[in-house]
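>>> kindly generate the corresponding structure for this input.
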Amino acid sequence: MNKLTQLFTGLVCVTLLLAACSKRIEKASPAPEETITLPNTKAGLGASAEVPVGADYKLPKGVSVVRNEIKGYDYRSCECQASQEHCAIGAGELVRLCLRLRNHTAAPATVTLPAGLIFISENKATQNGLLARSETLTIPAGATVAYNLSLFCLNADRKVTVSGDRYRIGPVTRDADLVTVMLTLGEKALADEHSKAVAQEAIWEVTKGNVLTAAQHSRIAQLPHR
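This next block holds a predicted model:
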């Protein structure tokens with residue numbers, strides 16, 4: 001009889017323990033959902049005062065910006081004169097910079113500036129610049145070469161770049177709207193003022209968060225090819 005009583009008591013205890021565990025499981029609060037914050041690809045574009053974001057870019061090993069200084073273009077101080085086509089790169093009009101690169105190695109260095117590379121103004125009242133198409137440069141061994149760099153404006157409401165403005169090399173934009181515009185402009189000549197104005201209008205439109213109108217697409221389509 002004692003054994004039966006002990007067995008019965010044991011079964012009751014196990015049953016009560018399982019019931020208690022079940023209640024605890026039912027009352028457990030659900031795990032919080034993970035929040036994923038996507039980067040703001042429009043940072044530094046249009047009216048944004050934030051620092052532009054994108055893929056990191058670095059010059060090749062052995063190549064540097066002279067004195068780590070990039071200034072607004074000044075024909076009186078930049079070794080690449082406005083009339084010299086061999087050192088003129090880029091396609092914009094509103095952001096013009098003198099870019100001096102030094103090759104510290106004993107062999108020629110190839111530098112590729114990718115399409116979408118942003119040059120960031122140190123003064124947030126002055127516009128940031130966009131390189132709309134890739135440029136490949138060859139710098140002789142041990143040489144310093146100056147380039148007249150023309151860029152498109154990324155901030156319609158900011159001041160135009162002047163000779164005293166300072167810039168630094170920023171990231172390569174990943175903004176889908178800007179990338180689409182650059183692909184559309186990729187085979188266009190962008191050699192005359194009208195073509196550059198059409199391209200600049202399209203870039204401003206998307207940096208404001210808008211989509212290109214049918215009229216803007218039409219104007220781009222009519223631009224001459226390279």
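>>> and Glu135, how far from Arg168?
18 Å (CB to CB, to the nearest Å). Every residue, glycine included, has its C-beta placed from N, CA and C.
>>> those two: which has the busier surroundings?
Glu135 (16 against 13; other CB atoms under 10 Å).
>>> so that one touches Ile89, yeah?
Yes - using CB atoms under 8 Å, Glu135 is in contact with Ile89, at 4.7 Å.
>>> now do the shared contacts for the two.
Shared contacts of Glu135 and Ile89, defined by CB atoms under 8 Å, 6 or more residues apart in numbering, are found at Leu113.
>>> Asp157 contacts Ala47, correct?
Yes - look at Asp157 against Ala47 with CB under 8 Å: they come within range, at 6.1 Å.
>>> please save the CA atoms from stretch 74-88 in PDB.
Only the C-alpha atoms of stretch 74-88 are listed here, as PDB (Å, rounded to 0.1, in the frame of the first residue of the first chain):
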ATOM      1  CA  ASP A  74      41.900  78.800 -60.800                       C
ATOM      2  CA  TYR A  75      43.600  79.200 -64.200                       C
ATOM      3  CA  ARG A  76      46.200  81.400 -62.500                       C
ATOM      4  CA  SER A  77      47.400  78.600 -60.100                       C
ATOM      5  CA  CYS A  78      46.400  75.300 -61.600                       C
ATOM      6  CA  GLU A  79      49.100  73.800 -63.900                       C
ATOM      7  CA  CYS A  80      46.500  72.500 -66.200                       C
ATOM      8  CA  GLN A  81      45.200  75.500 -68.200                       C
ATOM      9  CA  ALA A  82      41.700  75.700 -69.500                       C
ATOM     10  CA  SER A  83      42.800  75.400 -73.100                       C
ATOM     11  CA  GLN A  84      44.800  72.200 -72.500                       C
ATOM     12  CA  GLU A  85      42.600  69.200 -73.400                       C
ATOM     13  CA  HIS A  86      45.000  66.500 -72.400                       C
ATOM     14  CA  CYS A  87      44.600  67.300 -68.700                       C
ATOM     15  CA  ALA A  88      40.900  68.200 -68.800                       C
END
